[in-house]
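K.L.:
I'll drop the sequence and a predicted model, then ask my questions.
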Amino acid sequence: MKLMSETICSPVTAAARQAGVFLLPPAESAIERGDHRMAAATLARQAIECAVRAGREDMAFALLDIAQELEAGA
């Protein structure tokens with residue numbers, strides 16, 4: 001199975017490489033994609049506290065926007 005980062009060249013792929021993250025292809029079922037979307041929203045919400053404690057309220061609001069978009073299915 002090829003990793004998405006091996007088959008697609010995009011700004012997302014470039015950012016993932018720079019961050020040292022491996023991208024897998026999207027999940028096949030809608031239920032599984034929804035589960036992953038909700039997991040990403042949870043991680044974004046958990047990062048909000050860290051951003052606030054670091055004095056980056058602007059980032060906290062951006063993370064909140066991301067979490068809400070993920071939860072809405074955007």
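P.N.:
Looks like it came in fine.

K.L.:
Now do the contacts for residue 48.
P.N.:
By CB atoms under 8 Å, 6 or more residues apart in numbering, the contact set of residue 48 is 60, 63, 64, 67. Quick note: C-beta positions are derived from backbone N, CA and C, even for glycine.

K.L.:
Relative to residue 55, how far out is it?
P.N.:
Using CB to CB, to the nearest Å, residue 48 is found at 13 Å from residue 55.

K.L.:
Equivalent analysis for residue 40, please.
P.N.:
Relative to residue 55, residue 40 is positioned 24 Å away (CB to CB).

K.L.:
Have a look at these two and say which one is more surrounded.
P.N.:
For residue 40 versus residue 55, neighbours defined as other CB atoms under 10 Å are more numerous around residue 40 (14 against 9).

K.L.:
Could you find the closest non-adjacent residue to the more buried one?
P.N.:
Counting by CB to CB, 6 or more residues apart in numbering, residue 40 lies nearest to residue 70, which is 5.3 Å off, once chain neighbours are set aside.

K.L.:
what's the answer for residue 64, then?
P.N.:
Using CB to CB, 6+ apart and skipping the chain neighbours, the partner closest in space to residue 64 is residue 48 (6.0 Å).

K.L.:
what helix or strand is that neighbour on?
P.N.:
Assigned by DSSP states H and E, residue 48 belongs to helix 30-53.

K.L.:
hmm, back to that, next up, the contacts around the residue nearest to residue 40.
P.N.:
Residue 70 makes contacts with 37, 38, 40, 41, 44, as judged by CB under 8 Å, 6+ apart.

K.L.:
Now residue 26. Its backbone dihedrals?
P.N.:
phi -60, psi 150 (degrees, to the nearest 10).

K.L.:
ok, it touching residue 37?
P.N.:
No: Residue 26 is beyond contact range of residue 37, at 10.4 Å (criterion: CB atoms under 8 Å).

K.L.:
between the two, which one's more packed in?
P.N.:
Each of residue 26 and residue 37 has its neighbours counted (other CB under 10 Å); residue 37 has more, 17 against 9.
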